[in-house]
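[1] Curious how this folds, go ahead:
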Amino acid sequence: MNELVSAVPEDLTVRPLTMADAPAVTALIAASNTLDVGEPVIEEADVIGDWQRPIFDLATQSVGIFEGETVVGYAEVSEGRWATGVVHPTARGRGLGTALARWTHRVARRDGGTLVGQPVPEGSSGAALLTSLGYRLAWSSWVLSLPADREIARYPLPPGHTIRASSGDADERAAHVVIEDAFLEWADRPRRRFDDWSATTVRRPGYEPWHLRLLTDAEGAVVGALFLIIDGEIGFVAMLAVRRDRRGEGLARALLADAFTIARAHGATRSELSTDTRTGALTLYEHIGMEVTSTWVHLVRDLDEVDGEA
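    The predicted structure is shown next:
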């Protein structure tokens, strides 16, 4: 922390964040999103959900830079690998982004990491900064949207199969297994424990059982799952998975159609999701009428290259 304090202008203060800072950090990220991609892609429940994961320690893995009582920059690092750093548009050009990036390097190394990275909008000042600091592209991702006037296609389910809302703990745990099994086929990370997964899903502020959609077979086994977030006029599909032995049957399309329909019934005028180059699912979403609205890049840097940073 001392290194960061010495790296920022004297009129700014630095401290770890607390849960009480969640609204201010949300506003900071929203302002940055608006400049970089044209609209906010964050809500306070996202921040709280991430911060309440047992695997994350807000006191030692987060930092805020303040101008008076206003947060003008923040960063966090989870598991010695997954970083986020944001500077308010009005505070850019003062060296805060570089200082925060170097803080993430130190925290990641302290926590045993050998590689640190974060997602930033393609072509943004954040992407330019990280590239100048020696980061390289690991993968690209896209946010896709189903426009409000787009008809939702219908996809029939096999006989005996049903899509329904979660009915409690057993369903939540079954969905966790299906989602983690699918994500770990391409995600380079350890298996996420149920308590960490649930912090961002079924314990996320505002959660309702109908947000977690389960696709069950004729015997009642969960063969697919989807987690839906309603944020004002947007229905966001945060997670989607189908059991490996049941792919190629149109089950993912059926889950998406169900989610889009549910989202519209609850006031969403458009539906969105994100995918990246590791999943190979972009064409699936384009084929059902979704359109790319923004492109992000996940940039990484090996930590053995940052020795000697102040």
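[2] now for the helix or strand of the chain with the lowest mean pLDDT, which elements pack on it?
    Across the helices and strands of the chain, the lowest-confidence element by mean pLDDT, DSSP states H and E is helix 2-7, at a mean of 86. Identification of packing neighbours for helix 2-7 by 3 or more CB pairs under 8 Å, 6 or more residues apart in numbering; DSSP states H and E yields helix 96-110. In short, each C-beta sits where N, CA and C put it, glycine included.
[3] related to what we said a few turns ago, for whichever helix or strand comes after the least confident helix or strand of the chain, buried residues please.
    If you walk from helix 2-7 toward the C-terminus, the next helix or strand you reach (DSSP states H and E) is strand 13-15. Buried residues in strand 13-15, counted by 16 or more other CB atoms under 10 Å: residue 14.
[4] related to what we said a few turns ago, could you export the least confident helix or strand of the chain as PDB, keeping only the C-alpha atoms?
    The C-alpha trace of helix 2-7 is given here as PDB (Å, rounded to 0.1, in the frame of the first residue of the first chain):
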ATOM      1  CA  ASN A   2       2.800   2.400   0.800                       C
ATOM      2  CA  GLU A   3       4.200   2.100  -2.800                       C
ATOM      3  CA  LEU A   4       0.800   3.100  -4.200                       C
ATOM      4  CA  VAL A   5       0.500   6.100  -1.700                       C
ATOM      5  CA  SER A   6       3.800   7.400  -2.900                       C
ATOM      6  CA  ALA A   7       2.900   7.000  -6.600                       C
END
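[5] Which residues does that helix contact?
    Applying CB atoms under 8 Å, 6 or more residues apart in numbering, the external contacts of helix 2-7 come out as 14, 63, 65, 95, 98, 99, 100, 102, 103, 106, 310.
[6] Please list all residues in contact with the second one.
    So the one you mean is residue 63. For residue 63, the contacting residues are 1, 4, 14, 15, 16, 17, 74, 75, 76, 100, 103, by CB under 8 Å, 6+ apart.
[7] Look up phi and psi at the nearest residue to residue 164 once chain neighbours are set aside.
    Taking CB to CB, 6 or more residues apart in numbering as the measure, residue 164 lies nearest to residue 214, with 5.9 Å between them; neighbours along the chain are not counted. Main-chain torsions, residue 214, degrees, to the nearest 10: phi -120, psi 130.
[8] Same question for the one 5 residues further on.
    With angles defined as degrees, to the nearest 10, residue 219 shows backbone torsions of phi -90, psi 0.
[9] Could you tell me which residues make contact with it?
    Neighbouring residues of residue 219 by CB under 8 Å, 6+ apart: there are none.
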